[in-house]
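Asks: requesting a structural model of the entry that follows:
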Amino acid sequence: MNKFEWKDRSVAVYYHSVDTGKIIGKICKIALADVWIALAYTGQYTFTIDDGRHLGQYIDYESAKKAVEHYWDVQNRTLLAGPEP
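Replies: Numbers count the residues shown, from 1 in each chain. This is a model prediction of the structure:
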């Protein structure tokens, strides 16, 4: 099972796979505001706006982190279940 952790860098906090180092989400502050934006990276890597799924704007750091974690928790449960044979 893949383990995920948060890594704080000066401009953003990244959610990544411990095994591969691949970034799957991030949170960052809106400039000059005390508001956090949460994003999940979908894995398309087309270098367009579609690469990231905007999860909303949050009043605090912890709420933004929970949004990213929740998004990937749901995605991982959906992918594990798979289609019915």
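Asks: who's in contact with the host helix or strand of residue 25?
Replies: For residue 25, the host element (DSSP states H and E) is strand 23-29. Residues outside strand 23-29 that contact it (CB atoms under 8 Å, 6 or more residues apart in numbering): 4, 11-17, 35-41, 43, 58, 61, 64-65, 68, 71-72. Placement of C-beta: from N, CA and C, glycine included.
Asks: so which of the residues you listed are in helices?
Replies: The helices, defined by DSSP state H, take in 61, 64-65, 68, 71-72 from the contacts of strand 23-29.
Asks: kindly supply the ChimeraX command isolating those of those residues that are buried.
Replies: Buried residues within those, by 16 or more other CB atoms under 10 Å, are selected in ChimeraX with:
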select :64,65,68,71,72
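Asks: save the ones in helices among the contacts of strand 23-29 as JSON lines, and put in distance to residue 27 and pLDDT too.
Replies: Output for those, formatted as JSON lines (distance: CB to CB, whole Å; pLDDT from 0 to 100):
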{"residue": "61", "distance to residue 27": "7", "pLDDT": "92"}
{"residue": "64", "distance to residue 27": "4", "pLDDT": "96"}
{"residue": "65", "distance to residue 27": "6", "pLDDT": "96"}
{"residue": "68", "distance to residue 27": "6", "pLDDT": "96"}
{"residue": "71", "distance to residue 27": "12", "pLDDT": "93"}
{"residue": "72", "distance to residue 27": "13", "pLDDT": "91"}
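Asks: low-confidence stretches in this structure?
Replies: Applying pLDDT under 70 to the chain flags the ranges 1, 44-49, 79-85.
Asks: kindly recompute the last result at 90.
Replies: Scanning the chain for pLDDT under 90 picks out the ranges 1-2, 10-11, 20, 22, 31-34, 42-53, 75-85.
Asks: let's check: the centremost residue of it is which one?
Replies: Against the mean C-alpha coordinate of the chain, by CA atoms, centre = their mean, the closest residue is residue 25 at 2.3 Å.
Asks: identify the bridge partners of that one.
Replies: When bridges are called by DSSP bridges, residue 25 pairs up with residue 15, residue 40.
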